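Chemist: Sequence unavailable; structure follows:
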């Protein structure tokens, strides 16, 4: 059995089932790993403000990777151990490039998510039902989002855009590719997530391991979507969920059960407990 010391867990589609709940078996396995001295942490595309209270209150969950790796935060203190924001010029360039393609643009700034005033109320037509409450409760609003970005130029972590269909998303994706190097991923139908060049959940996980003095071989990661791909490749043991995309499954070292059948617990029990 590998000497796993860190387990990085994606949230949506991984720890959470489709009802956005953590099953009793998953919770028990996470608790058992923590009691064994293994660091378990959420690794999410959500901003820091979107980390669920259940994780914030979970004894032993000390760190969180957020905004697809733009930050790693020490939860007890709020201290950012890793910060990987956009350059101000690239952030504004991307915002202007994305505007003609429509969609609901959210910009993650210093651990919070913001949209143009009015967009939050329009989101229900774009979102799956199980994400609407999360979106409504975590999005701030800015009367002029572009100016807001200028006012917080050094703190821009990520873009998250939801489009009405894949065709609109794909057109925007191709346009972004022309702007130069960025990290482009997706985690939902018809969504686009953009980080600064080289910024992924994987880069954040490796930076945290370096901070902790741990080797890559001591890292385990679990996920289901494109924004988890780099993290699974960076970890010594990358485990795809049974509901993962085929691309993620192909890149993983192992495949577990799906998120509605305790896939996190199945992997923790097998590889750690």
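Modeler: Ah, there it is. Note that the structure is a prediction, hence the values are computed from the model and not measured.
Chemist: does the nearest residue in space to residue 258 that is not next to it in sequence count as helix, strand or coil?
Modeler: Sequence neighbours aside, residue 242 is the residue nearest to residue 258 in space, at 3.5 Å (criterion: Cβ to Cβ, 6 or more residues apart in numbering). Placement of C-beta: from N, CA and C, glycine included. Following DSSP: H, G, I helix; E, B strand; the rest coil, we place residue 242 in the coil state.
Chemist: any idea how far residue 242 lies from residue 252?
Modeler: Here residue 242 is placed at a distance of 11 Å from residue 252 (Cβ to Cβ, to the nearest Å).
Chemist: of these two, who's got more company?
Modeler: residue 252 (23 against 15; other Cβ atoms under 10 Å).
Chemist: ok, now which ones touch that one?
Modeler: Counting by Cβ atoms under 8 Å, 6 or more residues apart in numbering, residue 252 touches 232, 238-240, 244.
Chemist: Distance of it relative to residue 93?
Modeler: Remark: distance between residue 252 and residue 93 (Cβ to Cβ) = 34 Å.
Chemist: next one: residue 21
Modeler: 40 Å.
Chemist: And those two? Which one has more around it.
Modeler: residue 93 (16 against 12).
Chemist: residue contacts, the more buried one?
Modeler: residue 179.
Chemist: Give me the three-state assignment for it.
Modeler: Look at residue 93: counting by three-state DSSP, its state is helix.
Chemist: Check the gap between it and residue 215 for me.
Modeler: According to Cβ to Cβ, residue 93 and residue 215 sit 38 Å apart.
Chemist: correct me, but residue 82 touches residue 67?
Modeler: No: applying Cβ atoms under 8 Å, one finds residue 82 not in contact with residue 67, separated by 10.6 Å.
Chemist: more neighbours, the two?
Modeler: residue 67 (29 against 21).
Chemist: Hmm, the more buried one is touching residue 48, no?
Modeler: Yes: if you go by Cβ under 8 Å, residue 67 and residue 48 touch, sitting 7.4 Å apart.
Chemist: Spit out the residues that contact those two alike.
Modeler: residue 111.
Chemist: which intervals of the chain have sub-threshold pLDDT?
Modeler: Applying pLDDT under 70 to the chain flags the ranges 1, 118-127, 130-136.
Chemist: any idea how far residue 80 lies from residue 94?
Modeler: On the measure of Cβ to Cβ, residue 80 and residue 94 end up 22 Å apart.
Chemist: Helices of the stretch 1-150 of the chain, residue ranges please.
Modeler: With helices called from DSSP state H, counting those that start in this stretch, the stretch 1-150 of the chain shows them at 24-35, 53-56, 88-98, 119-122, 129-138, 145-151.
Chemist: JSON lines please, covering those helices and showing distance to residue 219.
Modeler: Rendered in JSON lines, the data for the helices of the stretch 1-150 of the chain read as follows (distance: least, Cβ to Cβ, whole Å):
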{"stretch": "helix 24-35", "distance to residue 219": "13"}
{"stretch": "helix 53-56", "distance to residue 219": "19"}
{"stretch": "helix 88-98", "distance to residue 219": "29"}
{"stretch": "helix 119-122", "distance to residue 219": "36"}
{"stretch": "helix 129-138", "distance to residue 219": "27"}
{"stretch": "helix 145-151", "distance to residue 219": "33"}
